[in-house]
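K.L.:
Pasting a predicted model and its sequence here:
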Amino acid sequence: MSKIDCKNIWKIYNGNVIGVKDLTFTCNDKEFLAILGPSGGGKSSTLRMLAGLEEISKGEVLFDGKKVNQLGPTERNIALAFESYALYYHMSVYENIAFPLRAKGMSNKDVDKSVKEISEVLNLESILKKRPAELAGGHQQRVSLARALVRKPNLTLLDEPLSHMDQRIRTEVRIQIRRIHEELGNTTIYVTHDQEEAISLCDRILILYDAELQQIGTVDEIYNKPVNKFVAFFVGEPGMNFIKCKVESPESISLQTSKGKNIFGFTGAVDPKYVGSEITMGIRPQQIGMVGYGGQKSTMSGLVKIVEFQGDNDVLIVELGDINKTRIKVVIPAGGRKFKQEETCWMDFQPERIHLFDETEKAIIKKMS
Amino acid sequence: MAEIRFENVTKYYGRKLAIDDLSFTVKEKEFFSILGPTGAGKSTILKMIAGIAPVTSGKIFFNDILVNNFSPHERNVSMAFETYNLYSHFSVYENIAFPLRAPKWKLNLNREEERKRVVEVASFLGIEELLDRRPQALSGGQKQRVSLARALIRKPLVYLLDEPIAHLDAKLKFSTQTLLKEFAVNYGITIIYVTHDYREALALSDRMMVLRKGKFDQIGTPEEIYYTPKVDFVGRLVGAPPMNMIDGELIKEDGKMSFKAGKYFTIALKNELAESAEKVAKSENDKLNVRLGIRCEDIKLGKQKLSENSFQLPVYAAVREAESSVISFELENTFLHVRIAENAELKRLQISGLLWLNFKPERMFFYENTMEIYKS
């Protein structure tokens, strides 16, 4: 049980290097929140301030409404699991998990009960007698997680716990982490640079870049309503396409082709002050529809330059028919039509799939409510 | 450009067998990938083509010319290593220009021509600004692109690329992958590409080889490898989540064949499917054991019974992807993963409790058990 409030927290190193800038967010009780961003964005500094491993330069951190700025890591009752497993190699799995309980002076009987409980949740019962060195990476990770969770912490903090794992194992460990979170019902904050991981595991995502909060929201909000170009490109693989365009009216934009203008409507509206100005349109490669023939004003022609087969889909690199010959990516689901190199194709940009960004890279479409 | 042919090539490192009687052909102008886990022998193959590692037995041909006794520089190959191998006392520019200056190729470029080519390849790979730096001042990803640029600057008989983008960040990796594909398509060159990442192999290759312990399990186009893996190992190595593999037994009753997966489910098998299952089944303790393979996108889910052949399982967990979701079910020694394309579907199914599953019969495969499957 724990609700975390960060109020205007700052991390300033050596008096002038800003690690985290004026960050405010809430992580609700039982929530699974991801802190996502590229390296150097301030993710780990934030996590370390929450854990009490790093001093908070300015601002307040509250656990269930109580200020914890001055409390040490142990007093905050936090479970931490890092990128490296840091298991004790001379001890059995059982003793590794029991370690934090014994350190607290818990009786053997209670230790045994707790270890058995958490091992059952994490599917570790069959390997309790083994040494960490005998285990595969996925198992080691779970032992490390079990050791973090056995104390029934207020808050679980995970810092890139899967980054050293084989791609194959990762998928399965992710499933298990999600399942554990649901079974234990604790509050979890998960730091990662991998957008796919954040999407698959978390209820909400907080995006940090350049020491600043870019956006916080549910996976759907982040993916479908990114507030700026950075978020739009960072989340989703391949990232969002960007195309130069002109605002025709508060509800439409145009792309210039050699033959004239192609006009596209979009859902919502922009401030009339933008009419006539050059801005950037964004559209996700996964959300572009291919149509059979062209000629209509709401479609755009393109030339297929490269086809990359991905198994469950194809990624096309398409040179658009606009005057800039913008290169975009289009994802075609498996089972759809197969495109060939140098083939002309027609794409449909649906109104609800269009994003617009001004020169400061901010999203500018206001949705009607 | 050259066609590269292996005839019964074997390679031992001391007593350790690295490549086991391997024969295959890489066609002229082909983008050919070698995919396999660590230790499969992928890099050894490249080193033997380059002439850095001698073959123990067998023959290697470049355009029907036996090259076994050719020294590395007589073979005219260009190689990029995963470990970069940059000259630390040279600038990035000089590193990339190095192959152009080798007297052996008699290129005799003047300074201007040389600069033009270096700048061209450097800007193609997005490292133009780094030309004056020393390798020590670069990140791993930058070094890797310098190494790649040095390999691509000259036109050899064949390019040998060993995990050339393995150390790049996810975003940069995908964009560099696209550049490489474009390079290959535009210049019509022979490339042999080593990787452990199936996505790179699928996206880049004209054909690819799946290598395991010095032998190949399958050679084919990316589509063949993905849609019709010939061995369980290929299905597991290619795709995420990997192809589902379910161990069970064949049951014959009244001339009808069915597949029984322990206590979890039994499904009836018709004609060709029954035949294909019987062909690979192994008889042990009065049981006909066989392994069923099916990709996660070839299973349908429903709240209601979907067909005579559908069955129910409890949901273990649901994991989102950007445009789809993976629902997992727990079996005895493995998870069964099912991908649903639309996230709207996720809400409709209200993922929890029991769901009905239906395997698309035309997408079911039966395999001999050649590897252990376990939950990680």
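P.N.:
Structure received.
K.L.:
which one is B:Y226 nearest to, not counting chain neighbours?
P.N.:
Distances taken as C-beta to C-beta, 6 or more residues apart in numbering or on different chains place A:G311 nearest to B:Y226, at 4.8 Å, with adjacent residues excluded. C-beta: built from backbone N, CA, C; applies to glycine.
K.L.:
What residues does residue 174 make contact with?
P.N.:
No chain in the question, so chain A it is. For A:R174, the contact set (C-beta atoms under 8 Å, 6 or more residues apart in numbering or on different chains) comprises A:162, A:197, A:200-201, B:319.
K.L.:
um, chain B though
P.N.:
When contacts are counted by C-beta under 8 Å, 6+ apart, B:F174 touches A:237-238.
K.L.:
Could you check the chain and say which of its helices or strands has the lowest average pLDDT?
P.N.:
This is for chain A. Within chain A, no helix or strand scores below helix A:167-184, which has a mean of 78 by mean pLDDT, DSSP states H and E.
K.L.:
you looked at the wrong chain, it should be chain B
P.N.:
Ranking chain B's helices and strands by mean pLDDT, DSSP H and E puts helix B:343-349 last, a mean of 67.
K.L.:
what bits of the chain have low per-residue confidence?
P.N.:
Since you didn't name a chain, this refers to chain A. Applying pLDDT under 70 to chain A flags the ranges A:1, A:83-85, A:137, A:163-169, A:294-297, A:368-369.
K.L.:
my bad, chain B
P.N.:
Residues of chain B that meet the cut-off, pLDDT under 70, sit at B:343-351, B:375-376.
K.L.:
Show me where the stretch 201-350 of chain A has its strands.
P.N.:
Ranges of strands in the stretch 201-350 of chain A, per DSSP state E, counting those that start in this stretch, are A:204-209, A:212-218, A:241-249, A:252-257, A:260-265, A:278-283, A:289-291, A:299-309, A:313-320, A:327-333, A:344-348.
K.L.:
Go through the ones you listed and name the closest to chain B.
P.N.:
Among those, strand A:299-309 comes nearest to chain B, with 3.7 Å by C-beta to the nearest C-beta.
K.L.:
So for that closest one, what gets flagged as buried?
P.N.:
A:299-302, A:304-309 (16 or more other C-beta atoms under 10 Å in any protein chain shown).
K.L.:
And for stretch A:355-364?
P.N.:
A:355-358, A:363-364.
K.L.:
In strands only, show me those.
P.N.:
A:355-357 (DSSP state E).
K.L.:
So which of these is the closest to B:K215?
P.N.:
B:K215 lies nearest to A:H355 out of these, by C-beta to C-beta, at 49.6 Å.
K.L.:
which residues does the closest one contact?
P.N.:
Counting by C-beta under 8 Å, 6+ apart, A:H355 has contacts A:226, A:232, A:240, A:281-283, A:363, A:365.
K.L.:
now the helices: where do they sit in the stretch 201-350 of chain B?
P.N.:
B:222-227, B:232-237, B:271-280, B:343-349 (DSSP state H, counting those that start in this stretch).
K.L.:
quick revisit: and the residue nearest to B:Y226, its phi and psi?
P.N.:
Phi and psi for A:G311, reported as degrees, to the nearest 10, are phi 90, psi -90.
K.L.:
Could you do A:I12 as well?
P.N.:
Torsion angles, degrees, to the nearest 10, at A:I12: phi -120, psi 120.
K.L.:
so what's it closest to, chain neighbours aside?
P.N.:
A:S57 (4.4 Å).
K.L.:
Output the set of residues of the stretch 151-300 of chain A in proximity to chain B.
P.N.:
Contact residues of the stretch 151-300 of chain A with respect to chain B, defined by C-beta under 8 Å from any C-beta of the partner chain, are listed as A:167-169, A:171-176, A:178-179, A:182, A:194-196, A:199-201, A:219, A:223, A:233-239, A:286.
K.L.:
What are the contacting residues of the helix or strand hosting B:I192?
P.N.:
Taking DSSP states H and E as the criterion, B:I192 maps to strand B:191-195. Contacts to strand B:191-195, defined as C-beta under 8 Å, 6+ apart, come from residues B:4, B:26, B:30-35, B:42-43, B:45-46, B:49, B:158-164, B:166, B:184, B:200-201, B:204-205.
K.L.:
Stretch B:79-89 now?
P.N.:
Looking at what lies outside stretch B:79-89 - C-beta under 8 Å, 6+ apart - the contacts are B:43, B:46, B:50, B:94-95, B:98, B:134-136, B:143-144, B:146-148, B:150-152, B:159-164, B:166-167.
K.L.:
Give me the buried subset of these.
P.N.:
Applying 16+ other C-beta under 10 Å to the contacts of stretch B:79-89 flags B:43, B:46, B:50, B:94-95, B:98, B:134-135, B:143-144, B:146-148, B:150-152, B:159-164, B:166-167 as buried.
K.L.:
Filter these down to the ones in helices?
P.N.:
B:43, B:46, B:50, B:94-95, B:98, B:143-144, B:146-148, B:150-152 (DSSP state H).
K.L.:
rewinding a little: mind checking which of the contacts of strand B:191-195 land in strands?
P.N.:
If you go by DSSP E, the contacts of strand B:191-195 have B:4, B:26, B:31-35, B:158-162 in strands.
K.L.:
which SS state does the residue of chain A found nearest chain B fall under?
P.N.:
Among the residues of chain A, A:G138 lies closest to chain B, at 3.3 Å counting by C-beta to the nearest C-beta. The local conformation at A:G138, judged by DSSP: H, G, I helix; E, B strand; the rest coil, is helix.
K.L.:
burial measure for A:K58, as a count.
P.N.:
13 (other C-beta atoms under 10 Å in any protein chain shown).
K.L.:
Buried residues of the lengthiest helix in chain B, list them for me.
P.N.:
Criterion DSSP H: the longest helix present in chain B is helix B:170-187. Using 16+ other C-beta under 10 Å as the test for burial, helix B:170-187 gives B:172-174, B:176-181, B:183-185.
K.L.:
now swap in stretch A:94-109 and tell me
P.N.:
A:94-101, A:106.
K.L.:
And stretch A:276-290, by the same measure?
P.N.:
So for stretch A:276-290, counting by 16+ other C-beta under 10 Å, buried means A:279-288, A:290.
K.L.:
Pick the one among those closest to B:F259.
P.N.:
Set against B:F259, the nearest of the buried residues of stretch A:276-290 by C-beta to C-beta is A:Q286 (35.2 Å).
K.L.:
can you tell me which residues contact the closest one?
P.N.:
Contact analysis of A:Q286 by C-beta under 8 Å, 6+ apart lists A:236, A:331, B:322-323.
K.L.:
repeat for A:L53
P.N.:
Shown in contact with A:L53 (C-beta under 8 Å, 6+ apart): A:P73.
K.L.:
domains of chain A?
P.N.:
Under automatic domain parsing, the residue ranges defining each domain of chain A are A:4-233, A:238-357.
K.L.:
From one end of the shortest one to the other, what's the distance?
P.N.:
It refers to domain A:238-357. One end of domain A:238-357 sits 19 Å from the other (C-alpha to C-alpha, to the nearest Å).
K.L.:
how distant is stretch A:128-143 from the center of its chain?
P.N.:
Its chain's C-alpha centre and that of stretch A:128-143 lie 28 Å apart, by C-alpha atoms, centre = their mean, to the nearest Å.
K.L.:
that older thread, CSV please, covering the ones in helices among the buried ones among the contacts of stretch B:79-89 and showing distance to B:Y264.
P.N.:
CSV is the format used below for these (distance: C-beta to C-beta, whole Å):
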residue, distance to B:Y264
B:S43, 41
B:L46, 44
B:A50, 50
B:E94, 63
B:N95, 57
B:F98, 60
B:K143, 49
B:Q144, 45
B:V146, 52
B:S147, 49
B:L148, 48
B:R150, 54
B:A151, 50
B:L152, 51
